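Novice: need a 3D model of the sequence below.
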Amino acid sequence: MVTIPKDVMDIIAAPDSIKMMSTIDEKGFPNIATVGSITAVDLETIAFAELFIKKTKENLENTKKVAIIIFKGPMVGYQLKGTFAGFQTSGP
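Specialist: Here you go, the predicted structure:
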């Protein structure tokens, strides 16, 4: 598994960063949603609160493909691509 670099972790943690999540449906059509709750749980795990993202949730459950886009300031941005592991309803 790939680890998230420190500079990316710092931007994920920054309260003024812009965070978006991109998914695709079963036909390959993209969906992008602003998801401000995105956080890094550790160097290998991204988490977010599932609020008002019905289509994103459906896509994650069906295709498991996800990309996270994080921007801070005018010229700093990163994209993280991964596979959705699942939803949790409790825990840290």
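Novice: ranges for the strands of this structure?
Specialist: Secondary structure of the chain (DSSP state E): strands located at 18-24, 30-34, 39-42, 45-47, 65-72, 76-83.
Novice: so what's the residue nearest the centre of the chain bridging to?
Specialist: Taking C-alpha atoms, centre = their mean, the centroid of the chain lies closest to residue 68, which sits 3.8 Å from it. Note on residue 68: beta-bridge partners residue 21, residue 80, judged by DSSP bridges.
Novice: thinking again about what came up before, would a markdown table of the strands of the chain with distance to residue 56 and mean pLDDT be doable?
Specialist: Every residue, glycine included, has its C-beta placed from N, CA and C. Listed next are these as a markdown table, based on distance: least, C-beta to C-beta, whole Å; pLDDT from 0 to 100:
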| stretch | distance to residue 56 | mean pLDDT |
| --- | --- | --- |
| strand 18-24 | 5 | 96 |
| strand 30-34 | 5 | 95 |
| strand 39-42 | 16 | 92 |
| strand 45-47 | 13 | 90 |
| strand 65-72 | 9 | 96 |
| strand 76-83 | 14 | 94 |
